[in-house]
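Asks: just coords:
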C-alpha cells in the first residue's frame, strides 16, 4: 500500500477547557474517499479547520504527502494541493460565476496559460457553464453549492475537503452532487467529506471515520461502522440501543 | 476594443482638448487630473482591495515634501523628485501595510491607523524647520522645463494628464492580471481567498504600496504648480477625505468611478467656492457630507453605477 | 533640569485634561466599545452641545451649569434622530458604510456650525469661570475639577448600569449576539437606540461641564473624535474603567510631553502610543477581551 496522502496524528484542539478535538488520528490515501461523520458538536468542522490551516492544532501533527503541514497558513496549504469548501457557502457575491472560478484558477500563483478557458472547463464539469456570467449572489442554493465545489476544484487540489456540501439540498439535488463527486474521484482527487446525509456518505465513502465529543470512536468500512454499537449509541443515546 | 487602446485614445483626446480651453478651464483641467489621480490611487487600496484609508494625504504630502525639499536644498530636478516621491510613497505604503495588516486588524482599525499616521506626519512636519514647519515651503518661480515649471498652464495640463494616464494604465494592468483577482478575492471574502491559495496579507501590502506610490506622484506636480506647500494643504484631513469622497461618489466598485467623481465634484466645488466664498465658506463641505450619505444609502455604486444602469436600460 | 519644578503643574493639567478625554470617550465606549458602531461624528455632537450652551448663555443668560438641563435632552434628541435616520439602516451593513455615513454627518455638522457661527472662538461665561483651586504650587481650574469628578462618576455609573441592571443586561445581550437576543424576545433595535442615545447623549452632559474652561469653535469636536477612539482602544473596548484609565494616561502624556518638548509634539506621542498599542497589544491596557 502506498504512503498515505494525509496523515492526521493525535491532533487535539482545545478552546480553554473545551476539548473540541481530542487526539484524533487517521490516514487518508490518494484516490480514497473518506467520510467523517458524528453527531453535532463532535468536532468535525474544527478538525477540518486544522487540516486546512485555518486553526492551529493545540497538539499533534498533520502531514500531507509526507511533509509536515501542522500550523501552516491556509494559502500555503491550498498551494500544496489541499482544497476545501465551507459549511456556509462563501461565494464572491458581487462578481460573476466565471470570475469566482478564475479567482480559484489563478489563486495558487501557478503558470496558467488560459485562465478563462480553464475556468469554463471546471464550470462545465459541475454543470454551471450556462450560468457563467450570472452574478454569484443571484444563484440558487444548489447552484451556489456547485460553485463552491467548482472554485475549490479550480486550484487543482489533490485532496478536497467538503464540509456538509449537501446540507439544505433536496434528494434530487443531492443526487446531482453525488454524480459530481464520483466524477471528481474518477479524476484521482482524494476526498474527505463531512456529511449528515447518511445515504450519500455511506454509499460514496471507501472508509468512514466516526467522531463524538472530539474523539474518534470508530473507523472502518461503511457497513462495519453502521453496525458498530458505540456509533449507534453516540447518535441515538444509550437508552435507545436495543438488546445485544 | 482593448482597454489599453481605449485609454490611449482617451488620453490623446484630452491632450487635444487642453489647448482649446481658457486659462481658467486649464486650471480646472489640472485640478481634476490631479485630484482624479489621487482618488484613483486611493481606490486601488480602498475599492479594489477593500481596505479603506482615511489618511491618503500622507502619501501625497510625502511626495510633495520629498521632491520640494530635494529641489530647494539640493537642487535636484523635480523630474528626479517624482521618482523619489513614488519610491517613498511606495515604501510608506508597504511599511504601513506590513505592520498593520500582519496583525489582522479589521476595517475600522485600519482607517483609524491611517488617520493617525497622516495626522502624525502633519504634526511632525509642522515642527521640522528644515521642511518649513507650519509656514511651509515656497518654490521660487523660475519657469524652465528642467525645474518642472512650464511657462504656461498648458504645460501643467500635460504633466497632470501624464500622471493620470500612468495611474490609469496601472489600474488597467492590475485588472487584467492575477493581482486583480487577488484584490477582488481579498475584498469579497478573505477566508475564501486564503482557501484559494491567495496570501491575503501580501496582497494587501502590495495594494497599499502601489496605492501609496501612485498617490505620491501627485505631490511634486501639485507643488510645482502652486509653488507653495504647507502641512495643511498636502497632509491635511480634507485632502484625505477628498480622495475617499470622489471614489465613493464616482463609484467605489468600478475602475474609473473615482475619476468620474473628480470630474463632477472638483468643478462643483470651485463653483460653490466662487459663488459663496468668504461669507459661507464650508458650504461645499456640507454638500460633500450630504452627498456621502446619499450615495451610501441610495446609490452605493456611485455615479458610474447609475450611468451603466441607465445605459443598460436604454439598450433594452 | 529647570523644567522639574513645573512638573507637578503639568501632571495636574494632564490629569484634568485626561478627565476631559475620559468623559468624552465614555460615550464612545458605549457606542463603539459595546455596540461596535463606528461614529466619526462623536466629537461633533460635543461641539453641538457646546454651541447650545453658548446660545443658552448668549440668548438666555444661562450659566452652563443651568443650561445643562436643556442641553442634555437636546443632544440626546439629536442622537436619537441620528440613530434612526443614519445609523439604524446601516447597522448590519459592512463596516465601511458606517464609517462613510458618519463621516458625512461629521462634515455636515462641523460646517453647518461654521456657517452659522463662523470660525470665531467663543468663550462661555460661567459662575465658575476663572475660579482656581490651589494645592500648594499647583493651580487647578475649579470647573475642570468638577468635570473630572463627574467623568469618574459617569464611568462608574455606566459600568454599574451595564453590569447590574436589567436594561444594561439586555443591551449587552443585544450587542453580543443579535439573533439570540431577538429569539429571546428582546427588542434589539430599541436596545441599540437606547444605548446609542446614552453614549452620544452623554456629550450633552459633558459640553456644559467643560464650557467654563474650553473655547467653543466648529472644529473643537474633531480634535476630540480621534483621541476618543484612541482612548477607547487603549481602554480595551467596552471597558469603562479602561476608558477612564486610558483617558487619564493620554491626558498626562500629552501635558507632560508638551512640557518636555514644547510645540505640538504631544499629539505625536498620542498617535504613536495608539499605533504601537494596535500593533502589539490591540486588546488594550486591561487585556483579555479581544479587540
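Replies: The structure has been received and is ready for your questions. Predicted model, so just to flag it, every value in this text is computed and none were measured.
Asks: tell me where the model's unsure across chain B.
Replies: Filtered on pLDDT under 70, chain B yields the residue ranges B:1, B:277-281, B:316.
Asks: quick one, longest helix in it?
Replies: Among the segments of chain B that qualify as a helix by DSSP state H, the longest is helix B:200-226.
Asks: ok, chain A next?
Replies: helix A:171-186.
Asks: report the buried residues of that one.
Replies: A:173-174, A:176-178, A:180-181, A:184-185 (16 or more other CB atoms under 10 Å in any protein chain shown). Every C-beta, even on glycine, is put in place using the N, C-alpha and C of the backbone.
Asks: average model confidence for it?
Replies: What helix A:171-186 shows for mean pLDDT is 92.
Asks: so what touches it?
Replies: Contacts with helix A:171-186, where a contact means CB atoms under 8 Å, 6 or more residues apart in numbering or on different chains, come from A:31, A:33, A:125-127, A:142, A:145-146, A:149, A:153, A:160, A:162, A:165-166, A:169, A:191, A:193, A:197, A:200, A:203-204.
Asks: for chain C, tell me which of the residues you listed show up nearby.
Replies: Applying CB under 8 Å from any CB of the partner chain to the contacts of helix A:171-186, one finds that nothing falls near chain C.
Asks: mark which of the residues you listed are buried, thanks.
Replies: A:31, A:33, A:125-126, A:142, A:145-146, A:149, A:153, A:160, A:162, A:165-166, A:169, A:191, A:193, A:197, A:200, A:204.
Asks: so which of the contacts of helix A:171-186 belong to strands?
Replies: If you go by DSSP state E, those have A:33, A:160, A:162, A:191, A:193 in strands.
Asks: check what pLDDT the second one gets.
Replies: Read that as residue A:160. pLDDT, residue A:160: 96.
Asks: I figured it hits residue A:78, correct?
Replies: No - Residue A:160 lies out of contact with residue A:78 (CB atoms under 8 Å); the separation is 11.1 Å.
Asks: residue numbers of the stretch 101-250 of chain B in contact with chain A?
Replies: Counting by CB under 8 Å from any CB, the stretch 101-250 of chain B sits next to chain A at B:178, B:181-182, B:184-185, B:188-189, B:191-200.
Asks: list buried residues within the residues you listed.
Replies: For those, buried by 16+ other CB under 10 Å: B:178, B:181-182, B:184-185, B:188-189, B:192-200.
Asks: the residue of the stretch 151-291 of chain C found nearest chain B: neighbour count?
Replies: Closest to chain B within the stretch 151-291 of chain C is residue C:271: 4.3 Å, counting by CB to the nearest CB. Neighbour count for residue C:271, taken as other CB atoms under 10 Å in any protein chain shown: 23.
Asks: state the distance from residue B:82 to chain A.
Replies: Per CB to the nearest CB, to the nearest Å, residue B:82 is found 31 Å from chain A.
Asks: ok, which stretches of the chain are strands?
Replies: All of this refers to chain A. Using DSSP E, the strands of chain A run over residues A:6-15, A:18-28, A:33-37, A:59-64, A:67-68, A:82-84, A:159-163, A:190-194, A:207-212, A:215-220.
Asks: chain C was what I was after
Replies: Along chain C, the stretches classed as strands by DSSP E are C:132-135, C:138-141.
Asks: between strand A:215-220 and the helix-or-strand element of chain A with minimal mean pLDDT, find me the angle.
Replies: One helix or strand of chain A scores below all others by mean pLDDT, DSSP states H and E: helix A:229-236, with a mean of 79. Angle, helix A:229-236 to strand A:215-220, by axes from the mean of the first three to the mean of the last three CA atoms, to 10 degrees: 120 degrees.
Asks: what lies in contact with helix A:229-236?
Replies: Against helix A:229-236 from outside (CB under 8 Å, 6+ apart): A:38-39, A:42, A:210, A:212, A:217-218, A:225, A:240-241.
Asks: quick one: low-confidence ranges for chain C?
Replies: C:1-3, C:263-264, C:287-291.
Asks: helices of that one, residue ranges please.
Replies: With DSSP H as the criterion, chain C has helices spanning C:7-28, C:42-60, C:64-82, C:95-117, C:142-164, C:166-176, C:178-183, C:188-210, C:220-234, C:240-261, C:265-280.
Asks: now those as CSV including distance to residue B:285?
Replies: Compiled in CSV, the helices of chain C are given as follows (distance: least, CB to CB, whole Å):
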stretch, distance to residue B:285
helix C:7-28, 23
helix C:42-60, 12
helix C:64-82, 18
helix C:95-117, 4
helix C:142-164, 30
helix C:166-176, 33
helix C:178-183, 35
helix C:188-210, 21
helix C:220-234, 12
helix C:240-261, 28
helix C:265-280, 23
